[in-house]
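A.B. asks: All I have is the shape, not the residue letters:
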């Protein structure tokens, strides 16, 4: 692990030098460092609490946010799901207050734009996450469907989702992943995914 950290710091130093030579800046003040691994591996590994980046000492963190996605040290996405659920519930409460003044189509449009966009954002990353995380997001979607349909809290969510033509959370995640794979295989985009895929060859 020590050797890997030394190699990492050498790479960062080389990158910093290249930035400087080309009039760019690697800002250590907004840099973050996080170790990623299984819980067991992280628990037994002796990892330093600080890392040197561009001549500055950076403290390690347990989570960081990249393009709106919260990454944790074991890539469980637990914190990302909690943030998504909390933000969605905040907007759902507001939607519930104004629902009596909206048409069904208007309520559907608002729910899709402020709730669906949050639950769908980078949802392909949730493939393989815990059932608890998927259930948490599913409860948000079901709550949104009940608000849009003016249904009681005990109304079967599956019927409401079907009437609104909303795929359940698990199916939306699988659909996003399947779409990405199809585009990578058939269209060659994005190229970095296409280059990583290999045709299945049964033995």
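C.D. replies: That came through fine. What you are looking at is a predicted structure, and each value in this text was computed from that prediction instead of being measured.
A.B. asks: going forward, measure contacts and count neighbours with C-alpha atoms only.
C.D. replies: Fine.
A.B. asks: shaky segments in the protein?
C.D. replies: 1-3, 54 (pLDDT under 70).
A.B. asks: can you give me the helices for it?
C.D. replies: 2-21, 39-44, 78-98, 104-111, 117-120, 131-148, 157-164, 169-182, 191-194 (DSSP state H).
A.B. asks: Tell me how this protein divides into domains.
C.D. replies: Following automatic domain parsing, one gets these domains for the chain: 2-61, 76-187.
A.B. asks: Out of these, the one nearest residue 199 is which?
C.D. replies: domain 76-187 (9.0 Å; Cα to Cα).
A.B. asks: Please name the bridge partners of the residue most central in space within the chain.
C.D. replies: Residue closest to the mean C-alpha point of the chain, counted by Cα atoms, centre = their mean, is residue 69 at 4.3 Å. Residue 69 has these beta-bridge partners by DSSP bridges: residue 66.
A.B. asks: doesn't residue 82 make contact with it?
C.D. replies: No. The pair residue 69 and residue 82 does not pass the contact test of Cα atoms under 8 Å, sitting 11.4 Å apart.
A.B. asks: just the helices of the chain: most buried one?
C.D. replies: helix 131-148 (a mean of 19; mean count of other Cα atoms under 10 Å).
A.B. asks: Residues in contact with that helix: which ones?
C.D. replies: 78, 81, 84-85, 88-89, 92, 95-96, 99, 104, 107-108, 111, 115-116, 119, 126, 152-153, 155, 157, 160-161, 164, 168-170 (Cα atoms under 8 Å, 6 or more residues apart in numbering).
A.B. asks: 7 Å instead, please
C.D. replies: Applying Cα atoms under 7 Å, 6 or more residues apart in numbering, the contact partners of helix 131-148 are 78, 81, 85, 89, 92, 96, 104, 107-108, 111, 119, 152-153, 157, 160-161, 168-170.
A.B. asks: now it: how far from the chain's centre is it?
C.D. replies: The chain centre lies 16 Å from the centre of helix 131-148; the measure is Cα atoms, centre = their mean, to the nearest Å.
A.B. asks: Stretch 10-25 now?
C.D. replies: Taking mean C-alpha positions (Cα atoms, centre = their mean), stretch 10-25 and its chain are 29 Å apart.
A.B. asks: again with stretch 179-188
C.D. replies: 20 Å.
A.B. asks: Ok, stretch 50-62 next?
C.D. replies: The answer for stretch 50-62 is 24 Å, by Cα atoms, centre = their mean.
A.B. asks: repeat for stretch 94-106
C.D. replies: Counting by Cα atoms, centre = their mean, stretch 94-106 is centred 28 Å from the centre of its parent chain.
A.B. asks: With stretch 129-149 instead?
C.D. replies: 16 Å.
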